[in-house]
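# Sequence and predicted structure, then a few things I'm wondering about:
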Amino acid sequence: MGHRRFLRRNHRFRLSRVRFNGSTEERNPPLKLSGSNILRQIAEGRGVELNGRRKRSRRATKQWNKRSIFFELPYWESNLLRHNLDFMHIEKNICDNIIYTLLDDKSKSKDNANARKDLREMRIRPDLWLKDDGSYNLVVFSLMTDNKKVDTKKLFLTTLKNIKVPDGYSSNISRCVDLAQKKNYGLKSHDSHVLLEQLLPLAIRNVLPNHVVTVLVEFSSFFRALSSKTLNPSELDILQERFIITLCHLEMLFPPSFFTVMVHLSVHLVDEAKLGGPVHYRNMYPVERELGYCKPYVRNKSQPEGCIAEGHIAEKTLTFCSWYIEDIETRFNRPRRVRDEPTDMPSGMSSLFPQLGKPASASENFPLNPMQKLQAHRYVLLNCAIVTPFVEEYIMRSSRERRPSPTEIERRVNKEFVDWFQKQIMNQDTIDTMSIDLKFLARGPSVNARRFTAYNINGSKFRTLAREEGLKTQNSGVFLTSKTSCVASSVDGNLRQAELPYYGKLEDIIEINYNGRFKVVLFKCKWADTTRDRGYQKDRWNFNCVNFYRLIHIGEREEHEPYIEASQAQTVYYVDDIVNKGWSVAVHLKPRDLYDMGEVMEEQVYENEPYQEQELDQFFTDGDEYVQLATDYIIDDTVEANFATNLATDAMSE
């Protein structure tokens, strides 16, 4: 504990006694020693005389008294990043600490009987003291068991048990959940990484009090923001200030035994990120993988170093030889996990719809019924750039007599534009002036189409719901942002164009053929009704909640639009809400092999407003009573960057 010393001098938490360790905090943050200061302390400490108990006097004791062997390096005295904290194991230990404390695991929890006895001796937190019979009550941060009305512990573990993530995102975390014994075990380092940053806030949002969820969501958001691929140095100071306040709120909730050295080391992660850059360049994951790769080389346990050296030389030799062997897959030319490179386009095909993505399953030929053909063809026309002028012309012609409403315009376009477009292109007076692509578009697709069950595009793998039955992964989530005409309210008559999110589940993947001129791959999805609160909401922590019991554009009517182009689809996965049946939380993902170099970010790194500590502080009173928070609050992922696009644009302009 003691994180209040990192706060500013006039912060009110410094004067609070009851909510912390029973005393005020007047210390300044610890000084950051340079290499020269450490060497000076070591030199001064060697000549200090010892007292009668073989100890140095307190006034003469220094922070360092042993010279590290690293100071033999010529640059170590001037090295600013001497520690390089292990972010991977800090996450691992903190995640275990939180989960075992929430589950009240008797063997691994930090909140046990001995910790409660220490509180009595320290004369702090009387609400956590042991009873006369040696038992103690579960506190606000512990999940309840069967003796309560709601078994929140079972709800928490069931949520983790039912989570399915996309292929290649993480291991199967459900194998680490034991619902019978209500325990969590066997988490690997990367499992803890995913659990702490993404899944833990989703699992606790409906099983713990709001103020506890708020603190833990903020805590998880700190690690998610710090481990992103791009960091803005100007925002790190804000991130550090918010995290210090979050740690202070944790001290109000959890007992002192919760704050192990790993929890404290998280205070210094931002400072190291300023010196060393993003965390993924300094993580231990590649080191651990390399050690695991070298371990099988050991055949003689009495000489492990020699075995590893010999195996390493043999591997390097084979790797060197593989560079001179063609048509053989090696680690340098092997394909990516998601192979979405399209095959060569056959001759004679137009470049109007370039081939994007690659099928990941066998194809099946099937005939399109009239409604499917109309819906698919209409979506292709209305989303094609060369057809846009014709859409505008049709709207102008249909609005000459009177000014129709936006709803009526949209209804007319969906019902009449396809036939009008065909007549306009195939008109004998103007057909010679039309391009070949427009003529093929006007004719429409052929009746015969192909169907797939899996498709790789945009660096992601997509699978249909039928293909996913029985699998432990989820690749059917689809997200799309589309411009839609809407009004602010029922009394507002001004139509506005707004970017609305659409969340769906992939039902079918079809490829329609425009008589050999070009082919278009379309996704047919089950779309949630995101235009109304009954189908889409954002909860108090800014999570996207979707209800798939309320669907739109199911494809039963001609005006429905169940299809989108495959190139428009983005990856998302859904976590079912155990408490609110039918609702799911949508979690956005970036493709596995996407490396974005970033761009100049805006002033705020978070999508919502800056953190106001007063919002969360209203939970905590001197009497340790809690009230309900009524504000949206979460740190979202860092803003996606388009540095490569901007760089290419600048190069073209030059």
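Alright, I've got the coordinates. Quick caveat, the model's predicted, so the values are computed rather than measured. Residues are numbered from 1 along each chain as shown.

# Can you show me the CA trace of stretch 11-18 as CSV?
Extracted C-alpha coordinates of stretch 11-18, given in CSV (Å, rounded to 0.1, in the frame of the first residue of the first chain):
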residue,chain,number,x,y,z
HIS,A,11,-5.2,15.8,-3.1
ARG,A,12,-7.9,15.0,-0.5
PHE,A,13,-7.0,11.3,-0.3
ARG,A,14,-3.7,12.2,1.5
LEU,A,15,-5.7,13.4,4.5
SER,A,16,-8.1,10.5,4.7
ARG,A,17,-7.5,8.1,7.6
VAL,A,18,-10.5,5.7,7.8
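
# average model confidence for it?
The average pLDDT for stretch 11-18 rounds to 89.

# repeat for stretch 280-289
pLDDT averaged over stretch 280-289 gives 91.

# Buried residues of that stretch, list them for me.
By neighbour count on 16 or more other C-beta atoms under 10 Å, the buried set for stretch 280-289 is Arg282, Asn283. Just so you know, the C-beta spots here come from the backbone N, C-alpha and C atoms, and that holds for glycine as well.

# ok, and what's touching that stretch?
Contacts to stretch 280-289, defined as C-beta atoms under 8 Å, 6 or more residues apart in numbering, come from residues Asn84, Asp86, Phe87, Met88, His89, Ser189, His190, Ser227, Lys229, Glu272, Gly276.

# Just the buried residues of the residues you listed.
Buried among these by 16+ other C-beta under 10 Å: Asp86, Phe87, Met88, Ser189, His190, Ser227, Lys229, Glu272.

# tell me the contacts of the fourth one?
Taking C-beta under 8 Å, 6+ apart as the definition of contact, the neighbours of Ser189 are Met88, His89, Glu91, Lys92, Met284, Tyr285, Glu288.

# Need the max-distance pair from those residues.
Largest separation among those by C-beta to C-beta: Glu91 and Glu288, giving 13.1 Å.

# and Asp508, that one's in a strand?
Yes - using DSSP: H, G, I helix; E, B strand; the rest coil, the assignment for Asp508 is a strand.

# what residues does the helix or strand His89 falls within touch?
Under the criterion DSSP states H and E, the helix or strand holding His89 is helix 87-102. Residues from elsewhere that reach helix 87-102 (C-beta under 8 Å, 6+ apart): 108-111, 141-143, 156, 184, 187, 189, 192-193, 195-197, 200, 204, 208, 216, 223, 227, 254, 258, 260, 262-263, 265-266, 269, 279, 282-285, 288.

# Among those, name the ones in strands.
Using DSSP state E, the members of the contacts of helix 87-102 that fall within strands are Asn184.

# Out of the contacts of helix 87-102, which end up buried?
Looks like the contacts of helix 87-102 have 108-111, 141-143, 156, 184, 187, 189, 192-193, 195-197, 200, 204, 208, 216, 223, 227, 254, 258, 262-263, 265-266, 269, 279, 282-283 buried, using 16+ other C-beta under 10 Å.

# Just the residues you listed: which are in helices?
The helices, defined by DSSP state H, take in Phe156, Ser189, Ser192, His193, Leu200, Ile204, Leu216, Phe223, Met262, Val263, Leu265, Leu269 from the buried ones among the contacts of helix 87-102.

# a markdown table for these, including distance to Ala566 and pLDDT?
Formatted as a markdown table, these follow (distance: C-beta to C-beta, whole Å; pLDDT from 0 to 100):
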| residue | distance to Ala566 | pLDDT |
| --- | --- | --- |
| Phe156 | 37 | 92 |
| Ser189 | 35 | 92 |
| Ser192 | 35 | 93 |
| His193 | 31 | 94 |
| Leu200 | 33 | 93 |
| Ile204 | 36 | 92 |
| Leu216 | 38 | 94 |
| Phe223 | 34 | 95 |
| Met262 | 44 | 93 |
| Val263 | 45 | 93 |
| Leu265 | 45 | 94 |
| Leu269 | 40 | 94 |
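
# ok, the closest residue in space to Ser171 that isn't next to it in sequence - contacts?
Among residues not flanking Ser171 along the chain, Asp191 sits closest, at 5.9 Å (C-beta to C-beta, 6 or more residues apart in numbering). Counting by C-beta under 8 Å, 6+ apart, Asp191 makes contact with Ser170, Ser171, Ile173, Cys176.

# Just give the number of residues close to the second one.
This points to Ser171. Per other C-beta atoms under 10 Å, the neighbour tally for Ser171 reads 14.

# thought it was touching Lys188?
Yes - counting by C-beta atoms under 8 Å, Ser171 does reach Lys188; the two are 6.7 Å apart.

# any common contacting residues for those two?
The contact lists of Ser171 and Lys188 share no entry, where a contact means C-beta under 8 Å, 6+ apart.

# Arg242 and Ala225, how far apart?
9 Å (C-beta to C-beta, to the nearest Å).

# same deal with Met349?
Distance, Met349 to Ala225, by C-beta to C-beta: 45 Å.

# So these two - more neighbours on which side?
For Met349 versus Ala225, the count of surrounding residues by other C-beta under 10 Å is larger for Ala225: 22 against 15.

# secondary structure class for that one?
helix.

# Okay, it and Asn232: tell me how far apart.
Distance from Ala225 to Asn232, by C-beta to C-beta: 10 Å.

# returning to that earlier point: what would the contacts of Ser189 look like in TSV with distance to Glu392?
Shown next, in TSV, are the contacts of Ser189 (distance: C-beta to C-beta, whole Å):
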residue	distance to Glu392
Met88	55
His89	60
Glu91	53
Lys92	57
Met284	57
Tyr285	53
Glu288	58
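
# now, among these, which is nearest to Met371?
Tyr285 (50.2 Å).

# just for the stretch 551-654 of the chain, where's the confidence low?
For the stretch 551-654 of the chain, the stretches with pLDDT under 70 are 593-654.

# what does the stretch 101-250 of the chain give?
145-149.

# which outside residues touch stretch 334-347?
By C-beta under 8 Å, 6+ apart, stretch 334-347 touches 168, 329, 351, 354-358, 360, 456-461, 591-593.

# and Leu441, that one's in a helix?
Yes - secondary structure of Leu441 (three-state DSSP): part of a helix.

# these two touch, right, it and Phe390?
No - with contact defined as C-beta under 8 Å, Leu441 and Phe390 do not form a contacting pair (9.8 Å).

# and the two? which has more neighbours close in?
Leu441 (27 against 19).

# and that one, what is it in contact with?
Val380, Leu381, Cys384, Ile386, Val387, Phe421, Ile425, Tyr514.

# Local confidence estimate at the fifth one?
According to the predicted model, the pLDDT of Val387 comes to 90.

# Mind jotting down where the strands sit in the stretch 451-600 of the chain?
Ranges of strands within the stretch 451-600 of the chain are 454-457, 460-463, 477-486, 496-513, 519-528, 536-538, 544-547, 551-552, 563-565, 570-576, 583-588, based on DSSP state E, counting those that start in this stretch.
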